[in-house]
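Enquirer: sharing a model prediction with you, sequence too.
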Protein chains: 2
Amino acid sequence: MKNNHIDIRELARLLDLSITTVSRVLNGKSKSYRISEKTAERVIKTAKEYNYVPSQIARSLKTDKTGTIGLIIPDISNPFFADIAASIEREARAKEFSLILCDSEGHISIEKELVVLLQRHKVEGIIIAPIGINFDHVVQVYKSGLPVVIIDRGSPDEEFHSVTSDNYQGGYDATNYLISMGHKRIACIQGIPGSQVNEERVQGYKDALADNGIQPDKNLIMGHDFTIENGYRQIKILYSSKNLATAIFSLGNLITLGTFKAFNEMKMKVPDDVSLISFDEQPHSALLGTPMTTINQQKSEMGMLSVDILIRSINNKEFRNRPVNIKLKTNLIIRSSVRKV
Amino acid sequence: MKNNHIDIRELARLLDLSITTVSRVLNGKSKSYRISEKTAERVIKTAKEYNYVPSQIARSLKTDKTGTIGLIIPDISNPFFADIAASIEREARAKEFSLILCDSEGHISIEKELVVLLQRHKVEGIIIAPIGINFDHVVQVYKSGLPVVIIDRGSPDEEFHSVTSDNYQGGYDATNYLISMGHKRIACIQGIPGSQVNEERVQGYKDALADNGIQPDKNLIMGHDFTIENGYRQIKILYSSKNLATAIFSLGNLITLGTFKAFNEMKMKVPDDVSLISFDEQPHSALLGTPMTTINQQKSEMGMLSVDILIRSINNKEFRNRPVNIKLKTNLIIRSSVRKV
DNA sequence: TTGTAAGCGTTATCAC
DNA sequence: GTGATAACGCTTACAA
């Protein structure tokens, strides 16, 4: 059963005009082809009347432009990525591109499939927040000529465009702030070890300690992924050992939620019993019983910039081949989850 | 500049085979066309070698199936919709459909444009969480033959498929619970008046009061949209009047965040100074200093069901024309933000 | 077991 | 001012 949509041929027949003329009018080229006012009006009126909607598919086949871009992120239900996705969708729409949204669920295998999927759909470019260390599939896409922008982490060897936060500085600032508040034993609950984002944050943490003459304790760098469960478990482990800390630096928003859970269960109060600082600002950070001190990332800027760069790459091969690597500043938002000791 | 992708014609030439044969092999029809093992293998090997990716665009034009569905929601950065979107993306992907994500930003005019946009892209169906009261554009799409599923609210006159929560029951349960805890003056901070979701929740609130012999006080039904700001402002207004309440029923997750903000500023403690119950469960509901009592909606079920219904509609015209209207149960999650008085 | 050719709904190149 | 027609990259009768 076909949709009862009229096509351009039918429309031309109804108007007793050629397809060409109709197409021209509908594409706003009446002037340049000097089509009479009267004809143009007739076309537009009839098109509206019959609810004509041109097929982007057919147009794409001919013009080699689909007007779509692909977005691959690890988890759309994570507010961090949801916020980024929102700004990407908005910016893309403003620039007349539609967005195919793909969730890699944190699996590199899915991510790889999604990249191919987007190629099949002939997206004009891809924005990707990659899962892991391995980039072969992205490299391959890029080499095939498709514009690619990496977000949330930098590009290896600055090979592609990328927009990321200055994770190192964020890690440094957070740790430094804790130290300035008198903390010396600071546990760092990390995300995926080896991932660029994580390593940079951890390095910032270590360097801040070192710069303040504090010997980093390896046992205080804990955890293995960016999940709630990880945050929960590490706190439990930490405070069941004698390896105590007066402050926690959580490297991700979900990790932070997990630490809440553990603290609640253990009846530990923030900041009375333990101080907490978290990477990533969240909608509720400011609104908690104890408003949370955080390292904020410029999420909507990240989204907007990635789209702008992508679209410039689409329109300009030169630009595409000269990768731009942007590091957005993070900023420390001081609230009340860190206590002076 | 063209992407350096090989096409099926090129591939056939390289293999010294016809396009037909190559197409058949690549579509897994080797068997039914009794293509020799050897040929099939050659084709597959060469395709891989040259990194052949078939054009979904060309295929769509021919087959009239794009393998895409459209999703229109009012705000992807709202965790409620982000969660739904996540489950929709997942389910769609499992069923071999890609998702075009559209954010209507809460504006009916954008929503209307998006509907047309999706039609241009020849999506095979649309899932939409509509903004407002006016449905003409949706009706029109549906009449054009495109399958449509409404989520988050019911279908007017049960004209289309819909998957929604039992908002009335949720409103009733929340209010009833507050009453059972001894509350009599219960303020209801509502979302958009006139919207179906809102009206049902409010009606549940009113009926629960009435059933318990409490005269609803119109002044206690406050507010006008589902935003943080609204939640914030209504609490400020409420507690600067003498029109006090011992409990608040917030009709939306963002509203609830706004009430937090106001309570913090006013140094009011939940539940000591005021009890709070909120529509919508959030990632942090359980993890707050005072874990929050909520009315939970089955978000991932909503997403999955909407996709299943949509795809059945795509595959079966009969089914499409016999609208299914699903009301998902809400459930009351009792934590500690409501105090017995 | 494989191939030829028409056609999907547009746009673009000529032609008049 | 307007129109015929080829072409985009596939799938799919119909042939052989």
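Expert: Ah, there it is. Numbers count the residues shown, from 1 in each chain, chains lettered A, B, ... in the order given.
Enquirer: and A:Thr63, how many residues sit next to it?
Expert: Neighbours of A:Thr63 under the rule other CB atoms under 10 Å in any protein chain shown: 10. C-beta coordinates here come from the backbone N, C-alpha and C atoms, glycine included.
Enquirer: again, but for A:Ile69
Expert: Applying other CB under 10 Å, we find 25 residues neighbouring A:Ile69.
Enquirer: for it, which residues make a bridge with it?
Expert: Bridge pairing for A:Ile69 (DSSP bridges) gives the partners A:Leu99.
Enquirer: next up, the contacts around the residue lying closest to A:Val307 once chain neighbours are set aside.
Expert: Of all residues beyond its chain neighbours, the one nearest A:Val307 is A:Glu91 (4.0 Å), with distances taken as CB to CB, 6 or more residues apart in numbering or on different chains. If a contact means CB atoms under 8 Å, 6 or more residues apart in numbering or on different chains, then A:Glu91 has A:303-304, A:307-308 as its contacts.
Enquirer: now rank these by neighbours and give me the top one.
Expert: The residue in the contacts of A:Glu91 with the most neighbours, by other CB under 10 Å, is A:Val307 (28 neighbours).
Enquirer: sorry, back to before: any idea whether the residue nearest to A:Val307 is helix, strand or coil?
Expert: Counting by DSSP: H, G, I helix; E, B strand; the rest coil, the backbone at A:Glu91 sits in helix.
Enquirer: look up how far A:Tyr177 lies from A:Asp211.
Expert: Look at A:Asp211 and A:Tyr177: by CB to CB, to the nearest Å, they are 13 Å apart.
Enquirer: when those two are compared, which one has more neighbours?
Expert: Legend: neighbour count by other CB under 10 Å for A:Asp211 and A:Tyr177, higher for A:Tyr177 (20 against 12).
Enquirer: alpha carbons only: can I get the helix or strand where that one lies in CSV?
Expert: For A:Tyr177, the host element (DSSP states H and E) is helix A:167-180. Extracted as CSV, the C-alpha positions of helix A:167-180 are listed here (Å, rounded to 0.1, in the frame of the first residue of the first chain):
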residue,chain,number,x,y,z
ASN,A,167,39.9,17.4,31.2
TYR,A,168,43.3,17.8,32.5
GLN,A,169,42.7,21.3,33.8
GLY,A,170,39.4,20.2,35.2
GLY,A,171,41.0,17.4,37.2
TYR,A,172,43.7,19.7,38.3
ASP,A,173,41.4,22.5,39.4
ALA,A,174,39.1,20.1,41.3
THR,A,175,42.0,18.6,43.2
ASN,A,176,43.7,21.8,43.8
TYR,A,177,40.5,23.2,45.3
LEU,A,178,40.2,20.3,47.7
ILE,A,179,43.8,20.8,48.8
SER,A,180,43.2,24.5,49.3
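Enquirer: show me what it is packed up against.
Expert: Packing contacts for helix A:167-180, counted by 3 or more CB pairs under 8 Å, 6 or more residues apart in numbering or on different chains; DSSP states H and E, involve strand A:186-189, helix A:196-211, strand A:247-250, strand A:275-279, strand A:293-296, strand A:331-333.
Enquirer: could you check the angle helix A:196-211 makes with it?
Expert: 40 degrees (axes from the mean of the first three to the mean of the last three CA atoms, to 10 degrees).
Enquirer: okay, the angle between helix A:167-180 and strand A:275-279?
Expert: Inter-element angle recorded for helix A:167-180 and strand A:275-279: 170 degrees (by the same axes, to 10 degrees).
Enquirer: pLDDT on helix A:167-180, on average?
Expert: Helix A:167-180 carries an average pLDDT of 98.
Enquirer: got the buried residues for it?
Expert: In terms of neighbour count (16 or more other CB atoms under 10 Å in any protein chain shown), helix A:167-180 has its buried residues at A:167-179.
Enquirer: these into CSV, with extra columns for distance to A:His161?
Expert: Putting the buried residues of helix A:167-180 into CSV (distance: CB to CB, whole Å) gives the following:
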residue, distance to A:His161
A:Asn167, 18
A:Tyr168, 20
A:Gln169, 21
A:Gly170, 21
A:Gly171, 24
A:Tyr172, 25
A:Asp173, 26
A:Ala174, 27
A:Thr175, 30
A:Asn176, 31
A:Tyr177, 32
A:Leu178, 34
A:Ile179, 35
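Enquirer: from those residues, which is closest to DNA strand C?
Expert: Nearest to DNA strand C among the buried residues of helix A:167-180: A:Asn167, at 43.5 Å, using CB to the nearest atom of the strand.
Enquirer: so what's A:Arg153 closest to, chain neighbours aside?
Expert: Nearest residue to A:Arg153 in three dimensions, chain neighbours excluded: A:Gln196, at 4.5 Å (CB to CB, 6+ apart).
Enquirer: mind pulling up the pLDDT for the one you found?
Expert: 92.
Enquirer: look up how far DNA strand C lies from it.
Expert: 41 Å (CB to the nearest atom of the strand, to the nearest Å).
Enquirer: re earlier: filter the contacts of A:Glu91 down to just the ones in helices.
Expert: Among those, the members found in helices (DSSP state H) are A:303-304, A:307-308.
Enquirer: how near is the residue nearest to A:Val307 to A:Gly70?
Expert: Counting by CB to CB, the gap from A:Glu91 to A:Gly70 is 15 Å.
Enquirer: likewise A:Ala82?
Expert: 17 Å.
Enquirer: return the set of buried residues in the worst-scoring helix or strand of chain A on mean pLDDT.
Expert: Lowest mean confidence among the helices and strands of chain A (mean pLDDT, DSSP states H and E): helix A:136-143, at a mean of 89. Buried positions in helix A:136-143, judged by neighbour count with 16+ other CB under 10 Å: A:137-138, A:141-142.
Enquirer: from those, pick the one nearest DNA strand C.
Expert: Set against DNA strand C, the nearest of the buried residues of helix A:136-143 by CB to the nearest atom of the strand is A:Val141 (25.2 Å).
Enquirer: which residue is the nearest non-sequential neighbour of that closest one?
Expert: Residue nearest to A:Val141 in three dimensions, not counting chain neighbours: A:Val115, with 5.5 Å by CB to CB, 6+ apart.
Enquirer: which helix or strand contains the one you found?
Expert: According to DSSP H and E, A:Val115 maps onto helix A:108-120.
Enquirer: paired strands for the very next helix or strand once past that helix, with orientation please.
Expert: Downstream of helix A:108-120, the first helix or strand assigned by DSSP H and E is strand A:126-128. Here the strand partners of strand A:126-128, with direction, are listed using DSSP bridges: strand A:68-73 (parallel), strand A:148-151 (parallel).
Enquirer: how about those strands in TSV, adding mean pLDDT?
Expert: As requested, the strands paired with strand A:126-128 are exported to TSV (pLDDT from 0 to 100):
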stretch	mean pLDDT
strand A:68-73	98
strand A:148-151	96
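Enquirer: adding distance to A:Phe263 as columns, could you present the ones you listed in TSV?
Expert: Shown next, in TSV, are the strands paired with strand A:126-128 (distance: least, CB to CB, whole Å):
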stretch	distance to A:Phe263
strand A:68-73	29
strand A:148-151	31
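Enquirer: make sure A:Ala129 is actually in contact with A:Ile72.
Expert: Yes: with contact defined as CB atoms under 8 Å, A:Ala129 reaches A:Ile72; the gap is 6.9 Å.
Enquirer: now the residue sitting nearest the centre point of chain A. Nearest residue, chain neighbours left out?
Expert: Centrality entry for chain A: nearest residue to the mean C-alpha point is A:Ile84, 4.5 Å, by CA atoms, centre = their mean. Nearest non-adjacent residue to A:Ile84, counting by CB to CB, 6+ apart: A:Gly303, 4.7 Å away.
Enquirer: and for the strand or helix carrying A:Ile314, what are the contacting residues?
Expert: Element membership for A:Ile314, per DSSP H and E: helix A:299-315. For helix A:299-315, contacts defined as CB under 8 Å, 6+ apart pick out A:69, A:80, A:83-88, A:90-92, A:95, A:97, A:124-127, A:147-149, A:151-152, A:161, A:163-165, A:319-320, A:324, A:326, A:328.
Enquirer: many thanks, we can stop here.
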